[in-house]
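Q: Show me how the following folds:
(one chain, ligands or ions: 1)
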Amino acid sequence: MRIDVVSIFPDYLAALDLSLVGKARTAGLLDLRVHDLRDWATDRHRTVDDTPFGGGAGMVMRPDVWSRALDDVIEEPGAPGVRLVVPTPSGEVFTQRTAEAWAGERQLVVACGRYEGIDARVVEHYRATGVEVSEVSIGDYVLNGGEVAALVVVEAVGRLLPGVVGNPESLVEESHGAAGLLEYPVYTKPADWDGREVPDVLLSGHHGRIARWRRDQALERTARRRPDLVARLDPATLDRSDRDV
Ligand SMILES: COc1ccc2nc(C(=O)O)sc2c1
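A: Numbers count the residues shown, from 1 in each chain. Sure thing, here's the model as predicted:
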């Protein structure tokens, strides 16, 4: 998979050279390219914005600069599996399900807005040329630009690519994973720390009981902290018929 990120702050994406995503890049599992939008500006000040039509505070990012950049970066506009991602506070919420769907794409191009955003005609133009365009938000809080959202999207999608995470099994049990539950509490050595002990069941060696305890903990935690997720659970996840283990 190829992911391109276009930003006026390309150094913001340097964190993607680290950890799992960095290893995936080195291993050739993820072709991640970061671009400076100003490289497509035409004036000596490398201007990418201008005042908003209709007035109002702030500046808007110019459509001509963005289209020169995206025309260069999008491999095959309109081809299947090519998606333009535009992080925006007015976007649909980006979730684990979104990440799972996008992990199957051929190319993601993430356009990071700044100032008051990107001229709306850019999204209109690429939609009209047959490019899949997704305007997404990573949550209900105020950011200053799309770069943080780009980091979230690249990590959430990149870690789902085959070979990136050592044990694919771990993708099932993690919070918001395939089961749709929050993760159960985890423990490691020392067994006795701060006068607090590890739940006995985890020391029992009884795998069936451990699995059941973990699922019960995940269900309880999800019901307590994220009741909104419980409504979406597969009924089989709530099935307690294995009580005999
Ligand atoms: C101007 O560009 C922005 C500004 C805020 C913002 N907030 C996002 C979010 O995902 O919440 S993406 C994004 C892009």
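
Q: and the protein, which residues reach the ligand?
A: Taking CB under 6 Å from any ligand atom as the measure of proximity, the chain contacts the ligand at 87-89, 113-115, 117, 137-139, 143, 145-146, 149. All C-beta spots, glycine's among them, are computed from the backbone N, C-alpha and C.

Q: Can you list which of the residues you listed are found in helices?
A: In helices, judged by DSSP state H, the following of those are found: Ala149.

Q: which of the residues of the chain next to the ligand count as buried?
A: Pro87, Thr88, Pro89, Gly113, Arg114, Tyr115, Gly117, Ser137, Ile138, Gly145, Gly146, Ala149 (16 or more other CB atoms under 10 Å).

Q: Could you save the residues you listed as TSV and add columns showing pLDDT?
A: Below are these laid out as TSV (pLDDT from 0 to 100):
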residue	pLDDT
Pro87	98
Thr88	98
Pro89	97
Gly113	98
Arg114	98
Tyr115	97
Gly117	98
Ser137	98
Ile138	98
Gly145	98
Gly146	98
Ala149	98
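
Q: nearest to Leu182, of these?
A: For these, the minimum distance to Leu182 (CB to CB) is 18.1 Å, reached by Ile138.

Q: Surely that closest one is in contact with Ala150?
A: No - Ile138 is not in contact with Ala150 according to CB atoms under 8 Å; the separation is 9.4 Å.

Q: what is in contact with these two at once?
A: Pro87 (CB atoms under 8 Å, 6 or more residues apart in numbering).

Q: Tell me the pLDDT of Glu92.
A: For Glu92, the pLDDT comes out at 98.

Q: Skipping its backbone neighbours, what lies nearest Asp234 in space?
A: Gly180 (7.0 Å; CB to CB, 6 or more residues apart in numbering).

Q: How many residues are close by that neighbour?
A: 18 (other CB atoms under 10 Å).

Q: what about Val21, distance to the ligand?
A: 19 Å (CB to the nearest ligand atom, to the nearest Å).

Q: buried sites along the helix ranked longest in the chain?
A: Longest helix of the chain, by residue count under DSSP H: helix 207-225. Buried positions in helix 207-225, judged by neighbour count with 16+ other CB under 10 Å: Ile210, Arg212, Trp213, Arg214, Arg215, Gln217, Ala218, Leu219, Arg221, Thr222.

Q: what's that helix packed up against?
A: helix 227-230 (3 or more CB pairs under 8 Å, 6 or more residues apart in numbering; DSSP states H and E).

Q: Who are the contact partners of the residue nearest to Asp234?
A: Contacts of Gly180 by CB under 8 Å, 6+ apart are Leu229, Arg232, Leu233, Asp234, Thr237.

Q: Flag the shaky bits of the protein, pLDDT-wise.
A: 172-173, 239-245 (pLDDT under 70).

Q: list the contacts for the residue nearest in space to the middle of it?
A: When CA atoms, centre = their mean is applied to the chain, the residue found nearest the centroid is Val153 (2.6 Å). Neighbour list for Val153: Val85, Pro87, Phe94, Ala99, Trp102, Leu108, Val110, Val136, Ile138 [criterion: CB under 8 Å, 6+ apart].

Q: Torsion angles phi and psi at the fifth one?
A: To tie it back to what came earlier, the one meant is Trp102. The phi/psi pair for Trp102 (degrees, to the nearest 10) reads phi -80, psi -20.

Q: Could you measure from the nearest residue in space to Leu161 that is not next to it in sequence over to Ala103?
A: Distance criterion CB to CB, 6+ apart; nearest residue to Leu161, sequence neighbours excluded, is Leu29 at 5.5 Å. Leu29 is 11 Å from Ala103, where distance means CB to CB, to the nearest Å.
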